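[1] got a sequence here, can you model it:
(one chain, ligands or ions: 1)
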Amino acid sequence: MEIDLTPIVQRWDKLGSALGTELFVVRDDLLPFPLAGNKVRKLAAEFRIMPHSTTLVISNGGIDSNHCRTAAWFAALHGVRSHLVLHGACAEGGRALEMLRALGATYQVVRPTGIAETLSAAASHERDRGGVPVVIPGGCHSRAGAIAYRDAGLSVLREIHPNSVYVASGTGATQGGLIAAAARSASPPKIVGISVARDRGHGSIAVEEAARWAGADQASICFDDGFRAGGYARQDERTVDAVRFGWEHGLPLDGTYTGKAFAAILEAGRAGATPPEDRLLAHGWSLELDRWLDLMLTILARAHALPSLYTRTHCRPSPRVSCAERTLPRVAEYA
Ligand SMILES: Cc1ncc(COP(=O)(O)O)c(C=O)c1O
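    Next up, the predicted model:
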């Protein structure tokens with residue numbers, strides 16, 4: 001199945017003038033693939049290069065990861081089984097786990113220290129039974145993922161010529177790809193990565209690696225860790241304020257990724273740090289996933305009469321370890 005991934009670029013005049021700048025937003029959340037955050041481009045690229053003989057896609061991420069949910073979705077579309085190695089507290093991932101089950105995926109919840117070992121055990125198990133496993137790195141921090149964002153960036157930068165591009169930076173593949181796109185464009189914008197989790201030291205290394213994968217050697221990296229709000233999926237007043245400001249102007253933002261990048265744009269705008277002729281381009285905005293998940297699951301439950309989607313008994317808030325043990329399937333369960 002081919003999905004049209006032509007970037008959707010919008011000009012936001014009211015919001016831009018409230019910020020004293022010209023604002024364009026690239027709406028990857030509106031690509032024809034639901035609830036994916038910015039993962040759809042990266043995963044489409046991974047599935048494009050995957051051997052036809054693949055029988056099982058294996059990947060990892062946080063328990064409510066967009067990436068894992070989207071990987072399971074792509075696998076279902078391609079008629080391939082998927083197995084996800086997840087970490088985090090079960091209480092956070094109730095709906096996300098329900099979504100994975102609805103997509104026919106299997107999963108294990110493990111401690112972060114057990115991820116690498118579990119991924120390789122799942123791959124060996126699949127090989128032992130004669131299958132062909134493919135392991136996709138968590139968050140799609142991969143060469144294919146970075147190149148997918150480079151190509152999307154190039155096609156946007158052919159149409160508009162911003163001075164700066166703000167992007168939420170997690171694993172760094174998106175920012176790395178955009179840096180490579182900027183390096184190839186006639187008037188290169190500054191690519192400003194706003195960290196959603198990592199400190200500058202760790203984050204910059206990952207971005208640099210992704211930029212190299214996408215063909216930009218010795219790129220200068222702008223990775224701002226001042227809007228992390230304490231770490232992944234945490235929010236502070238600035239994040240909450242940015243998300244509210246965006247929604248009030250009709251731009252749907254989330255508190256994990258896009259809200260943090262937008263907080264940086266908002267702060268620059270309020271401080272008058274953006275000259276009027278400047279153009280900001282926010283890349284890869286995602287929707288507030290939980291709200292959409294609720295909606296989707298309601299539709300799913302009605303369509304397929306799956307009342308279990310509403311029951312979270314398997315996943316009541318409980319201590320991290322016992323929860324992980326309860327949901328940990330034996331290898332045989334996904335064989
Ligand atoms: C909307 C959005 N922006 C940015 C990112 C970060 O991308 P990366 O992991 O490539 O840094 C994500 C990751 O899920 C995302 O969903």
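
[2] so which bits of the chain are right by the ligand?
    Within reach of the ligand by Cβ under 6 Å from any ligand atom, the chain has these residues: 37-39, 66, 139, 168-175, 257-258, 284-286. C-beta here means a position set from N, CA and C on the backbone, and glycine is covered the same way.

[3] how about the helices of the stretch 101-250 of the chain, start to end?
    115-128, 143-159, 173-184, 200-213, 237-248 (DSSP state H, counting those that start in this stretch).

[4] packed most tightly, which of the ones you listed would that be?
    Sort the helices of the stretch 101-250 of the chain by mean neighbour count, taking mean count of other Cβ atoms under 10 Å, and helix 173-184 sits at the top with a mean of 29.

[5] for that one, name the packing helices and strands.
    helix 143-159, strand 164-169, strand 190-195, helix 200-213 (3 or more Cβ pairs under 8 Å, 6 or more residues apart in numbering; DSSP states H and E).

[6] how about those in JSON lines, adding mean pLDDT and distance to residue 87?
    As requested, these are exported to JSON lines (pLDDT from 0 to 100; distance: least, Cβ to Cβ, whole Å):
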{"stretch": "helix 143-159", "mean pLDDT": "94", "distance to residue 87": "20"}
{"stretch": "strand 164-169", "mean pLDDT": "93", "distance to residue 87": "20"}
{"stretch": "strand 190-195", "mean pLDDT": "94", "distance to residue 87": "20"}
{"stretch": "helix 200-213", "mean pLDDT": "97", "distance to residue 87": "18"}
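
[7] with distance to residue 108 added, can I get those in CSV?
    As requested, those are exported to CSV (distance: least, Cβ to Cβ, whole Å):
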stretch, distance to residue 108
helix 143-159, 23
strand 164-169, 28
strand 190-195, 29
helix 200-213, 25
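
[8] any weak-confidence spans in the stretch 1-150 of the chain?
    91-93 (pLDDT under 70).

[9] which SS class is the residue of the chain found nearest the ligand?
    Closest residue of the chain to the ligand, Cβ to the nearest ligand atom: residue 37 (2.6 Å). Under the three-state scheme (DSSP: H, G, I helix; E, B strand; the rest coil), residue 37 adopts coil.

[10] which residue ranges make up the domains of this protein?
    9-36+141-283, 52-131+305-334 (automatic domain parsing).

[11] picking that back up, looking at the helices and strands packed on helix 173-184, which is closest to residue 84?
    helix 143-159 (16.9 Å; Cβ to Cβ).

[12] okay, now residue 79: neighbour count?
    Residues lying near residue 79 (other Cβ atoms under 10 Å) number 7.

[13] make JSON lines out of the helices of the stretch 101-250 of the chain and add distance to residue 17.
    Converted to JSON lines, these look like this (distance: least, Cβ to Cβ, whole Å):
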{"stretch": "helix 115-128", "distance to residue 17": "46"}
{"stretch": "helix 143-159", "distance to residue 17": "21"}
{"stretch": "helix 173-184", "distance to residue 17": "25"}
{"stretch": "helix 200-213", "distance to residue 17": "31"}
{"stretch": "helix 237-248", "distance to residue 17": "14"}
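
[14] returning to that earlier point: most tightly packed of the domains of the chain?
    domain 9-36+141-283 (a mean of 20).

[15] distance between it and the chain's centre?
    Taking Cα atoms, centre = their mean, to the nearest Å, the mean C-alpha location of domain 9-36+141-283 is offset from the chain mean by 13 Å.

[16] next one: stretch 33-42
    Counting by Cα atoms, centre = their mean, stretch 33-42 comes out at 7 Å from the chain centroid.

[17] so how far is the first residue of it from its last?
    12 Å (Cα to Cα, to the nearest Å).

[18] now swap in stretch 121-141 and tell me
    21 Å.

[19] need the contact partners of that stretch.
    Contacts to stretch 121-141, defined as Cβ atoms under 8 Å, 6 or more residues apart in numbering, come from residues 39, 42-43, 46, 50-51, 53-61, 65, 67, 71, 83, 85, 108, 115, 119, 142, 170-173, 206, 210, 331, 334-335.

[20] change it to 6 Å
    42, 46, 50, 53-61, 67, 83, 119, 171, 173, 331 (Cβ atoms under 6 Å, 6 or more residues apart in numbering).

[21] what about the strands in the protein?
    9-11, 22-26, 56-62, 81-87, 106-109, 133-136, 164-169, 190-195, 222-224, 279-283 (DSSP state E).

[22] closest to residue 180 out of those strands?
    strand 190-195 (9.4 Å).

[23] mind giving me the packing neighbours of the closest one?
    Applying 3 or more Cβ pairs under 6 Å, 6 or more residues apart in numbering; DSSP states H and E, one finds that strand 190-195 makes contact with strand 164-169, helix 173-184, strand 222-224, helix 258-270.
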